[in-house]
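>>> Predicted model follows, preceded by the sequence.
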Amino acid sequence: MTRGTVKGICVPGLFAWLCWLPAVGLAEPARWNVDPEHSTIEFRVTHMVVSKTTGRFTDYQGFIDMDADAGTVTSIEGRINTASVNTNHEKRDAHLRNPDFFDVGKYPVMTYKMKNYKKTTEGYEAVGELTLHGVTRDVTLTGHFNGTTKDPWGNTRAGFTAEGKLNRKDFGMVWNKTLDSGGLVVGDEVFLKLDIECIKAKP
């Protein structure tokens, strides 16, 4: 899943990687658009049992519709272009784009749409539908609101972090190889980490 959303992840958006936040003194409902130049959507998966491989997506869009003063959110959406996967290894990235994994020719986009959210003792929890590789499953993201600020150009910005996990086999990504030691080349569980900066849309 670089600085450049899900990411509606956001991301689609996945994905959804955004969460609700407490009231911060902003009076009206507004749309907050993900700023991909100051956001990161990353994933991590076990490689050959003994290490982790980290990747990210570099092409994504997303938004959250929220009324910070009332403490309500009405929508979180994200879209991620799957061909933008980047693990800093050209051959591996080409493999991830082929039908063994993302199959970007057939499934060029993954999306995330929030279904519900709730406040927890540690932050916030968002549940949303992640559509990936032609399959839609619920994915839960736990997150924190990092505050708002005005930038030098008159924009109001908000920062969020979120984490989650999924099983790639739930989305039809079943490719693997068995090592001589008996382990597998690629783990099934994928950990997600999102650092998202949004800009409040101007009227």
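Okay, I see it. Only a predicted model underlies this, so the values are computations on that prediction, with no experimental measurement involved.
>>> what bridges to Y124?
When assigned by DSSP bridges, Y124 has beta-bridge partners K119, G143.
>>> Based on its surroundings, how many neighbours for it?
21 (other CB atoms under 10 Å). No exception for glycine: its C-beta is placed from N, CA and C like everyone else's.
>>> what about it, distance to G134?
29 Å (CB to CB, to the nearest Å).
>>> Tell me which stretches of the chain form helices.
90-97 (DSSP state H).
>>> low pLDDT regions in it?
1-28, 68-72 (pLDDT under 70).
>>> show me where it has strands.
Under the criterion DSSP state E, the chain contains strands at 13-16, 30-34, 40-47, 51-57, 60-67, 72-81, 85-86, 109-119, 124-132, 135-150, 156-167, 186-200.
>>> List the buried residues of the last one.
Buried residues in strand 186-200, counted by 16 or more other CB atoms under 10 Å: 186-187, 190-200.
>>> That one - contacts with which helices or strands?
Judged by 3 or more CB pairs under 8 Å, 6 or more residues apart in numbering; DSSP states H and E, the packing partners of strand 186-200 are strand 30-34, strand 40-47, strand 60-67, strand 135-150, strand 156-167.
>>> Would you mind finding the most buried of those?
strand 60-67 (a mean of 25; mean count of other CB atoms under 10 Å).
>>> Next, the angle from it to strand 72-81.
For strand 60-67 against strand 72-81, the angle between stretch directions is 180 degrees (axes from the mean of the first three to the mean of the last three CA atoms, to 10 degrees).
>>> Partner strands of strand 60-67 and their direction?
strand 30-34 (antiparallel), strand 72-81 (antiparallel).
>>> With distance to V50 added, can I get these in TSV?
Output for the strands paired with strand 60-67, formatted as TSV (distance: least, CB to CB, whole Å):
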stretch	distance to V50
strand 30-34	35
strand 72-81	29
